[in-house]
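# What follows is a protein structure lacking sequence information:
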C-alpha cells in the first residue's frame with residue numbers, strides 16, 4: 001500500500017525559508033511524478049511544483065518560480081520542496097502527491113501546514 005508522509009511545515013516570518021519533505025513507501029516510483037500542491041483557506045487546491053522521477057524534469061507554478069525548488073532523492077523515495085523568500089500568500093496546507101504522466105495523481109499525503117507571518 002502506497003503511503004506518502006509529509007514533514008517540515010511550520011510558522012515562519014516573511015522572507016524566511018522552510019523545507020518540506022515527502023517520503024513515499026509501499027512501491028517503486030521510478031516512472032512516477034511527484035508533486036506538491038497547496039490549499040489556502042477558502043480556496044481551491046493549487047499545483048505548486050512537480051518532478052518526474054524518470055528524467056528529472058521539473059515544473060512550477062509561476063508564483064513560486066525563483067523562490068521554490070523541488071528535488072528528489074531516488075534512494076530514499078523522498079521529494080523535497082525548498083521554499084525561500086516566503087510571502088504571506090504562501091500560507092496554506094501543502095500536500096504531496098504521487099502520480100503518473102498523462103494520468104494524474106493517485107496518492108496524496110495528509111498535508112502539512114505552512115504559515116507565513118508578517
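Structure received. Worth saying up front: this structure is predicted, and the values here are computed from it rather than measured.
# quick one: contacts for the residue nearest the centre of the chain?
Taking Cα atoms, centre = their mean as the criterion, residue 36 is the residue nearest the geometric centre of the chain, at 2.6 Å. Shown in contact with residue 36 (Cβ atoms under 8 Å, 6 or more residues apart in numbering): 20, 22, 48-50, 70, 79, 81, 94-97. All C-beta spots, glycine's among them, are computed from the backbone N, C-alpha and C.
# what's the closest of the residues you listed to residue 40?
residue 94 (10.3 Å; Cβ to Cβ).
# In this structure the closest one contacts residue 80, no?
No - using Cβ atoms under 8 Å as the test, residue 94 is too far from residue 80 to be in contact (11.8 Å).
# Can you check which residues contact both of the two?
Common neighbours of residue 94 and residue 80 (Cβ under 8 Å, 6+ apart) are residue 20.
# out of those two, which sits in the busier spot?
Neighbours were counted for residue 94 and for residue 80 using other Cβ atoms under 10 Å; residue 94 has more, 23 against 19.
# Looking at that one now. What's its pLDDT?
Note for residue 94: predicted pLDDT of 98.
# what about it, which helix or strand?
strand 92-100 (DSSP states H and E).
# Pull up the pairing partners for that strand, direction included.
Here strand 92-100 has these sheet partners by DSSP bridges: strand 33-39 (antiparallel), strand 104-108 (antiparallel), strand 112-117 (antiparallel).
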